[in-house]
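[1] the sequence isn't on hand, but the structure is:
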């Protein structure tokens, strides 16, 4: 992942060791991080939930990990990410990859930026060793360092 991870993943977009009642609550936490960082309005959070309701849990991209996102829209102010580590994993309905303990929120301002950021994060998460390191990381700086490595 490129050096601009710092801009795409500021401290304000992290929620670490938090609880969610269910998958919708987990996505709402990811949305909260995106809003706190100034990447989206609250409307985008509902768009992410609507996407899962319409398309199913395809956002659960690896064991224990979900990449919450929706299409670029007016609710996206800037391209960026949020990072939610759940203290208690939740079920999204993915037979293969539930339960989920890491939810990454992705907001892309346009299709190009959306795809660039999504590809970068997906390539970082496709490595099992990196996923394990990320799951164990406890600070935003540690997480960014792992993503950059």
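    Structure's in. What do you need? Since we're looking at a predicted model, the values are computed, not measured.
[2] alpha carbons only for contacts and neighbour counts from here, please
    OK.
[3] just the element for the spatially most central residue of the chain, please.
    Most central in the chain under C-alpha atoms, centre = their mean is residue 104, positioned 1.1 Å from the mean C-alpha point. Residue 104 is located in strand 100-107, with elements delineated by DSSP states H and E.
[4] do the same with residue 94
    Per DSSP H and E, there is no helix or strand for residue 94.
[5] sorry, back to before: partner strands of the strand holding residue 104, with direction?
    Strand 100-107 pairs in its sheet with strand 65-69 (parallel), strand 80-90 (antiparallel), by DSSP bridges.
[6] nearest to residue 45, of those strands?
    strand 65-69 (8.5 Å; C-alpha to C-alpha).
[7] only the buried residues of the closest one, if you could.
    Buried residues in strand 65-69, counted by 16 or more other C-alpha atoms under 10 Å: 65-69.
[8] next one: stretch 8-20
    In stretch 8-20, counting by 16+ other C-alpha under 10 Å, buried: 8-16, 19-20.
[9] what's the end-to-end length of stretch 33-52?
    With C-alpha to C-alpha, to the nearest Å as the measure, stretch 33-52 spans 18 Å from end to end.
[10] do stretch 10-19 as well
    Stretch 10-19: ends 21 Å apart by C-alpha to C-alpha.
[11] pLDDT of that stretch, averaged?
    Per-residue pLDDT over stretch 10-19 has a mean of 96.
[12] what do you get for stretch 80-88?
    Computed over stretch 80-88, the average pLDDT equals 96.
[13] tell me how far it is from the chain's mean position?
    Offset of stretch 80-88 from its chain centre (C-alpha atoms, centre = their mean, to the nearest Å): 6 Å.
[14] stretch 42-51 now?
    With C-alpha atoms, centre = their mean, you get 13 Å for stretch 42-51.
[15] now do the buried residues in it.
    Across stretch 42-51, burial judged by 16+ other C-alpha under 10 Å covers 42, 44-49, 51.
[16] can I get the strands paired with strand 100-107 in a markdown table including distance to residue 145?
    Output for the strands paired with strand 100-107, formatted as a markdown table (distance: least, C-alpha to C-alpha, whole Å):
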| stretch | distance to residue 145 |
| --- | --- |
| strand 65-69 | 19 |
| strand 80-90 | 14 |
